[in-house]
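**Student:** structure, please.
(2 chains)
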Amino acid sequence: MKLDSKQTTAAQVLTPLADRIDAASAIQFKDAVRAATADGPERVVLDLGHVRFVDSSGLGAIVASMKHLGQGRKMDLAALNPDVDKVFRLTRMDTVFDIYANLEAATGQVRP
Amino acid sequence: MHAAPYGQRTKQFEGVSTRLYNARFDANHSSTRAALAEIRVAMEQGGLDDMLVGRVEIALAELFNNIAEHAYRDDGTGEVRCSMGIRGSSLVVEVTDQGGPMPGGEIPEGTLPDLDVAFEDLPEGGFGWHLIHAQTDAISHMRLALGNCTRLNFDVQHGE
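**Tutor:** Reported below is the predicted structural model:
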């Protein structure tokens, strides 16, 4: 899976250039995030602005990617469309991740 | 002869006024994706609203993945048949497969995995049936002589 990566002052922003993170692409997603975050950014914002659909396998891949970063680092989410947001809410994963309405809100936040 | 052969025309579709979709596809990731895309187009062309289309897509994605991974044990050879239509104020969907039985012979309750756990133990799966139940207004399952028949109903007028 293609991931756009850019460094801002607030975080490394990862933007999957795919409209689905699902059972068919979960492994490719995990591999791509793992490779893109190997340099060890403290905070990663996963920008889901291109993603229209996430199923439970995709959700699991996002959780696995967050866990792979480790507890000393952080993965936040931004720009979830209504269907993707619903999957996070229904599984209560919205309590595990900090979720921002858009990328500006996610990266404009000043870290303490 | 099987008592309830695979692919039989069942009562679910009596009274269906608009047939939106009826197809068979292989139970693997790429065919499932293609089928979901076709189903989305069929629902949109059928005039269903975006929220309902989203609910059905999530529910069917999870059901198809479960069939591929569990009923067919990920062997990549099974077939799924899906029919969808409007009956009154309901969208009715019937999904049949020729795979193994549900655990315990029934639809799983879909209890959410516990999130109050150590960081490294956060669940990476086990959400599927919870999502299916959350998206559907009614669901039933029948074990066939060879396979499964799962019926999902969605109220067309459904507020969240």
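**Student:** from residue B:89, how far out is residue A:25?
**Tutor:** From residue A:25 over to residue B:89 the distance is 35 Å, taken as Cβ to Cβ, to the nearest Å. From N, CA and C alone the C-beta is placed, and that goes for glycine too.
**Student:** ignore what I typed, I meant residue B:156.
**Tutor:** Counting by Cβ to Cβ, the gap from residue B:156 to residue B:89 is 5 Å.
**Student:** circling back: compare neighbour counts for residue A:25 and residue B:89 and give me the winner.
**Tutor:** The neighbour comparison of residue A:25 against residue B:89 (other Cβ atoms under 10 Å in any protein chain shown) goes to residue A:25, with 21 against 10.
**Student:** which parts of chain A are strands?
**Tutor:** Ranges of strands within chain A are A:3-7, A:12-16, A:20-21, A:43-47, A:53-54, A:74-78, A:99-100, based on DSSP state E.
**Student:** which strands or helices does the last one pack on?
**Tutor:** The elements that strand A:99-100 packs onto, with contact taken as 3 or more Cβ pairs under 8 Å, 6 or more residues apart in numbering or on different chains; DSSP states H and E, are strand A:74-78.
**Student:** quick one: the strand it packs on to chain centroid distance?
**Tutor:** When distances are taken as Cα atoms, centre = their mean, to the nearest Å, strand A:74-78 is centred 5 Å away from the chain's centroid.
**Student:** which elements pack onto that strand?
**Tutor:** Partner elements for strand A:74-78 (3+ Cβ pairs under 8 Å, 6+ apart): strand A:43-47, helix A:56-69, strand A:99-100, helix A:103-107.
**Student:** partner strands of it, parallel or antiparallel?
**Tutor:** strand A:43-47 (parallel), strand A:99-100 (parallel) (DSSP bridges).
**Student:** where does chain B dip in pLDDT?
**Tutor:** For chain B, applying pLDDT under 70 flags the ranges B:1-14, B:158-160.
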